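Asker: here is my input; please provide its structure:
(one chain, ligands or ions: 1)
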Amino acid sequence: MKYDKLILEAIKAKDRAYAPYSKFNVGAAVLTEDNNIYSGCNIENASYGATNCAERTAIFKAVSEGYRKIKAIAIVGNSEYFTYPCGICRQVISEFALKNMEIIIVKSKNEYIIKTLEDILPQAFTKKDLK
Ligand code: THU
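Answerer: Predicted structure coming up:
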């Protein structure tokens with residue numbers, strides 16, 4: 001399926017998580033408008049609040065390399081459940097989301113759910129609200 005590579009990159013990134021406190025590894029991979037993939041993992045800190053989630057690591061890598069338009073993101077946690085993005089990450093996804101972007105919530109290579117941003121962050125606060 002069209003997201004196979006994205007899903008594999010998210011799973012690979014999960015293994016690079018730095019999560020000595022929660023022991024909860026998360027991986028994410030974003031697909032940019034021009035089909036580049038940037039992956040990321042969660043990076044924890046002894047000062048817990050300094051932790052960065054996998055989704056934001058991946059998005060910030062893409063944006064800092066000049067890619068601001070995201071058409072899909074795959075997310076996987078080391079859990080028996082599906083790992084959905086936290087509230088802060090939903091907000092960050094919304095900042096760079098192309099219309100109709102897809103969010104692939106992955107449990108394993110062949111087990112995933114596809115959602116839209118509207119599904120998981122209805123009535124988002126965005127740039128347009130600042131006018
Ligand atoms: N975490 C993520 O990386 N993404 C999420 O969407 C949920 C939570 C990380 C943050 C922290 O390192 C660990 O999972 C436990 O909360």
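
Asker: and D129, what is it in contact with?
Answerer: If you count contacts by C-beta atoms under 8 Å, 6 or more residues apart in numbering, D129 has none. Using the backbone N, CA and C atoms, a C-beta is placed for each residue, glycine as well.

Asker: quick one: it and F24, what's the gap?
Answerer: 33 Å (C-beta to C-beta, to the nearest Å).

Asker: got the CA positions of whichever strand in the chain runs longest in CSV?
Answerer: Assignment by DSSP state E gives strand 97-108 as the longest strand of the chain. What follows is strand 97-108, C-alpha atoms only, in CSV (Å, rounded to 0.1, in the frame of the first residue of the first chain):
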residue,chain,number,x,y,z
ALA,A,97,-0.8,19.8,7.4
LEU,A,98,-1.8,19.9,3.7
LYS,A,99,-5.6,19.7,3.2
ASN,A,100,-6.7,16.1,3.5
MET,A,101,-3.5,14.9,5.1
GLU,A,102,-3.6,11.4,6.5
ILE,A,103,-2.5,10.2,9.9
ILE,A,104,-1.5,6.5,9.9
ILE,A,105,-1.8,5.1,13.4
VAL,A,106,0.4,2.0,13.3
LYS,A,107,0.5,-1.1,15.5
SER,A,108,2.7,-3.2,13.2
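
Asker: what angle do the helix or strand following it and strand 97-108 make?
Answerer: The C-terminal neighbour of strand 97-108 among helices and strands, as given by DSSP states H and E, is strand 111-116. Here strand 111-116 runs at 160 degrees with respect to strand 97-108, directions being taken by axes from the mean of the first three to the mean of the last three C-alpha atoms, to 10 degrees.

Asker: ok, then the element right after strand 111-116?
Answerer: Past strand 111-116, the next helix or strand by DSSP H and E is helix 117-120.
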